[in-house]
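Participant: Need coordinates for the below:
(2 chains)
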Number of protein chains: 2
Amino acid sequence: MPVNLREPGALAPIAGARWASADAAIKKPGGDDMALLVLDEGATAAGVFTRNVFAAAPVVLARRHLATAAPRALLINSGNANAGTGVEGEADALTCCRRVAEALGLQTEQVLPFSTGVIGQRLPMARIEPVLPDLARALAEDAWLGAARAIMTTDTVPKGVTRCIEIDGAPVTLTGISKGSGMIRPDMATMLSFVATDASVAASDLDHALREAVNTSFNSITVDGDTSTNDAAMLCATGAGVVLAPDRPGWSAFVDALRDVMVTLACAIVRDAEGATRFITLAVEGAASVDEARAVAFTVAHSPLFKTAAFAGDPNWGRILAAVGRAPVTDLTIDGVDIALDAVPIVAGGQPRADYREADAAAVMAQPEFTVHIRLGRGDAAATIWTSDLSYEYVRINAEYRS
Amino acid sequence: MPVNLREPGALAPIAGARWASADAAIKKPGGDDMALLVLDEGATAAGVFTRNVFAAAPVVLARRHLATAAPRALLINSGNANAGTGVEGEADALTCCRRVAEALGLQTEQVLPFSTGVIGQRLPMARIEPVLPDLARALAEDAWLGAARAIMTTDTVPKGVTRCIEIDGAPVTLTGISKGSGMIRPDMATMLSFVATDASVAASDLDHALREAVNTSFNSITVDGDTSTNDAAMLCATGAGVVLAPDRPGWSAFVDALRDVMVTLACAIVRDAEGATRFITLAVEGAASVDEARAVAFTVAHSPLFKTAAFAGDPNWGRILAAVGRAPVTDLTIDGVDIALDAVPIVAGGQPRADYREADAAAVMAQPEFTVHIRLGRGDAAATIWTSDLSYEYVRINAEYRS
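Facilitator: Numbers count the residues shown, from 1 in each chain, chains lettered A, B, ... in the order given. I've put the predicted structure just below:
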């Protein structure tokens, strides 16, 4: 049961970006497991990828192709990560790109492959290859939701969002989809996310905007601290609409809207985290640096003891303080640490406040979402991280994943 | 259900070290929750403590007293950690020391306090103080097992071990007890461990031997990556027996026996880890440094995805490789990584071996204990870490801990 997350309503089409999806019988329960995004000529694109050194074959290939040519097609499959598959895996991914390129009249390097699912198994090419021409024929601008569904693995809800802004009287639309619910600790990337806009943006500006937005969105969530072998976040601009650039009016409005889209998609992943019953915001303030604030927030977010207490709705604040106390921060003293749950102050100077009543904190933690405020008293830097709790269901999903 | 761990049989008494235990109604289900160890005059002692900056009141006091005087009495309570209790908590711990000192005719600084249990609640002094004189009257050399039982919290089995060696024809005995089953990632210390020997050892030599033994025992285990606010490992030498020193014969035999005792006690904690169904050894070889080997081992040991796969007995080796791939190691390449489960080789050069059959690996993981061998191909350094799996029961215990 996702936490306060519903299927997205209408996802606005992006002029110049067309999707198709299909079922190649890769995923267990049926349903579409292949999606193809095709961009009109002249589109630009940027991408960030996992920093796990055990990168999957499609990541290796997508990085290489992105460095070589302007992408025109993105092919995604769910149900199989094509990771740990060695040179054969790379050959399979390359074959997929080649077949898509043939069907669309593109160069192979203009096609980027993405895979997500089980690690260590070869792609079922005999089932995938026949589907690729079908995908190329079925492309439509109004097919974002179907694509959001096709890239799901253990996700229970498709994830997508649209934002429309006006820049100098002209409309600019951003639509994005994402997938992910476990093995989530993006590192310069997310699980899988594909965002497109109809604006016209130079590839280098797009790359810059993407990296900034990723830091405070996909790089600020964690479910279980495990980074995937296949994480990727792509941002595409079809060029069908207004021209945007950092030195033109409206750039900051565009960057804000992009960040909003990416935070929404990132938080949707946490809301749908495997077994999640709580959506938890960790807001650390008073740090000497943003890195320090993030280190403290992630240490709490990864603590199984904090996560199980959150599952139980138990305001066992000692576990928060103990996690802060072991965070990799130099010369931290616990006497300067304040903790509050939503508007309920609990700890001041490393000790429970005299006016603290456990019932107040228990009421906060009984909610499906709440914020843990941690003040370090060391400086002015802050960071916000989103995470989920650790439940029986998380264990069940991950114990039974392959059975 | 602990993994291959039974109640210790006979724990040999140590001449010059006497224990007593009692019930002060601190722990929920009854049973003893106070223990007192008294050492004869002339004994030496060494201790290592948690590096969590949120250290509990008894840790603050024990550190201070240990720096001031030669310890003669160690007072331990379970059921309440006396952590996050501020100046009142320190006053409570000091009062305990003072009362024990009065009852035994010692200086207050010769008494060291230790607490373990719930964080953030004051010690129930009204119930503890009357028990202290009783403890001082009930001391006996043959009471190690009762003490091992009294210091338990969520432990299901008391933990203790005895080793007897002969040095130059004279017997030397070491007996130790430990407690701990969750919030386990010792950092220069353990949960609680008390080891005594009848040898005569200078305090500085004892300190050196303890720190070395701790590194490859208590500092090489993890259950959930959470370090406690109360961790402490104490080593006492009563001086009733032979004189040992680094420049005398038998010192290395003594150090080996000490390490054996501490590894047994540390592994007993992992075998009795909260909800554990597997006892897992992570043996990393071929690292450029011991730190690097430990970093890789701990990254795998802390991966919830590896731990849930272990619970399921699922040889999902991609999760091991993905954890290795995100370990904080500079310039790691996955192409040099080999993985084996016990004697079953699985991954070579970052890819599954051609002769790998999943049934072989599944047979290894069906066992209650097994070893994950990881070879990095970067150098000659190695490290061994012990950990447990992540089960429904872990979540239940930690979600219901205070209810």
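Participant: could you pull out the strands for the stretch 251-400 of chain A?
Facilitator: A:279-287, A:338-341, A:344-348, A:351-352, A:369-375, A:381-388 (DSSP state E, counting those that start in this stretch).
Participant: any chance of those in TSV, plus mean neighbour count?
Facilitator: (Each C-beta comes from the backbone N, C-alpha and C, glycine too.) Compiled in TSV, those are given as follows (neighbours: other Cβ atoms under 10 Å in any protein chain shown):
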stretch	mean neighbour count
strand A:279-287	22
strand A:338-341	20
strand A:344-348	21
strand A:351-352	22
strand A:369-375	20
strand A:381-388	23
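Participant: Out of those, point me to the one whose mean pLDDT is lowest.
Facilitator: Mean pLDDT is lowest for strand A:351-352 out of the strands of the stretch 251-400 of chain A, coming in at a mean of 88.
Participant: who in the stretch 201-350 of chain A is up against chain B?
Facilitator: With Cβ under 8 Å from any Cβ of the partner chain as the criterion, the stretch 201-350 of chain A comes near chain B at residues A:224-229, A:302-305, A:308-309, A:311-312, A:314, A:316-319, A:321-326, A:332-334, A:337, A:347, A:350.
Participant: Next step: the residues you listed restricted to helices.
Facilitator: A:302, A:304-305, A:308-309, A:311-312, A:317-319, A:321-325 (DSSP state H).
Participant: Identify the residues contacting stretch A:128-136?
Facilitator: By Cβ atoms under 8 Å, 6 or more residues apart in numbering or on different chains, the residues outside stretch A:128-136 that reach it are A:20-24, A:26, A:34-36, A:38, A:75, A:77, A:95-96, A:99-100, A:103-104.
Participant: Also stretch A:258-265?
Facilitator: So stretch A:258-265 is contacted by A:159-161, A:163, A:174-178, A:190, A:193, A:195, A:197, A:209-210, A:212-214, A:216-218, A:233, A:235 (Cβ under 8 Å, 6+ apart).
Participant: that older thread, nearest approach to A:T68 belongs to which of the strands of the stretch 251-400 of chain A?
Facilitator: A:T68 lies closest to strand A:381-388 among the strands of the stretch 251-400 of chain A, at 35.0 Å (Cβ to Cβ).
Participant: Whether the closest one contacts chain B - can you check?
Facilitator: No. Judged by Cβ under 8 Å from any Cβ, strand A:381-388 stays clear of chain B, getting no closer than 11.7 Å.
Participant: and that strand, which strands flank it?
Facilitator: strand A:221-222 (parallel), strand A:279-287 (antiparallel) (DSSP bridges).
Participant: Distance to B:D247 added to the strands of the stretch 251-400 of chain A, as JSON lines?
Facilitator: Below are the strands of the stretch 251-400 of chain A laid out as JSON lines (distance: least, Cβ to Cβ, whole Å):
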{"stretch": "strand A:279-287", "distance to B:D247": "49"}
{"stretch": "strand A:338-341", "distance to B:D247": "51"}
{"stretch": "strand A:344-348", "distance to B:D247": "50"}
{"stretch": "strand A:351-352", "distance to B:D247": "48"}
{"stretch": "strand A:369-375", "distance to B:D247": "51"}
{"stretch": "strand A:381-388", "distance to B:D247": "52"}
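Participant: how about the ones you listed, which one is nearest B:T116?
Facilitator: strand A:351-352 (19.1 Å).
Participant: The closest one pairs with which strands, parallel or anti?
Facilitator: By DSSP bridges, strand A:351-352 pairs with strand A:344-348 (antiparallel).
Participant: how distant is the partner strand from the center of its chain?
Facilitator: 32 Å (Cα atoms, centre = their mean, to the nearest Å).
Participant: ok, A:A283 - contacts?
Facilitator: By Cβ under 8 Å, 6+ apart, the neighbours of A:A283 are A:A297, A:T371, A:V372, A:H373, A:I374, A:A382, A:A383, A:T384.
Participant: Check the residues you listed against chain B and report the nearest one.
Facilitator: When the contacts of A:A283 are ranked by distance to chain B (Cβ to the nearest Cβ), A:I374 comes first, at 12.3 Å.
Participant: and the closest one, how far is that from B:A253?
Facilitator: 49 Å (Cβ to Cβ, to the nearest Å).
Participant: Could you list the domains of chain A?
Facilitator: A:17-271, A:279-399 (automatic domain parsing).
Participant: Could I get those in JSON lines, plus columns for distance to B:E358?
Facilitator: JSON lines is the format used below for the domains of chain A (distance: least, Cβ to Cβ, whole Å):
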{"stretch": "domain A:17-271", "distance to B:E358": "9"}
{"stretch": "domain A:279-399", "distance to B:E358": "17"}
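Participant: and B:E285, which of the ones you listed is closest to it?
Facilitator: It's domain A:17-271; of the domains of chain A, that one is closest to B:E285 (Cβ to Cβ) at 18.2 Å.
Participant: Just the mean pLDDT for that closest one, thanks.
Facilitator: 94.
Participant: next one: stretch A:325-334
Facilitator: pLDDT averaged over stretch A:325-334 gives 92.
Participant: Can you tell me what sits against it?
Facilitator: Contacts of stretch A:325-334 (Cβ under 8 Å, 6+ apart): A:292, A:295-296, A:299-300, A:321, A:324, A:350, A:376, A:378, B:51-55, B:185, B:187, B:226-227, B:229.
Participant: For it, buried residues please.
Facilitator: Neighbour-count burial for stretch A:325-334 flags A:G325, A:R326, A:A327, A:V329, A:L332, A:I334 (criterion: 16 or more other Cβ atoms under 10 Å in any protein chain shown).
Participant: quick one: which of those is nearest to chain B?
Facilitator: The closest of the buried residues of stretch A:325-334 to chain B turns out to be A:G325 (Cβ to the nearest Cβ; 2.9 Å).
Participant: ok, so what distance separates the closest one from B:N82?
Facilitator: Counting by Cβ to Cβ, the gap from A:G325 to B:N82 is 15 Å.
Participant: again with A:D168
Facilitator: In this view, A:D168 and B:N82 are 64 Å apart by Cβ to Cβ.
Participant: Over to A:A348?
Facilitator: Taking Cβ to Cβ, one finds A:A348 at 19 Å from B:N82.
Participant: cool, and A:D331?
Facilitator: 25 Å.
Participant: about what we covered before: how about TSV for the buried residues of stretch A:325-334, with distance to A:N4 added?
Facilitator: Output for the buried residues of stretch A:325-334, formatted as TSV (distance: Cβ to Cβ, whole Å):
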residue	distance to A:N4
A:G325	31
A:R326	31
A:A327	28
A:V329	32
A:L332	33
A:I334	33
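Participant: sorry, back to before: okay, A:D168 and B:N82: which has more neighbours?
Facilitator: B:N82 (31 against 11; other Cβ atoms under 10 Å in any protein chain shown).
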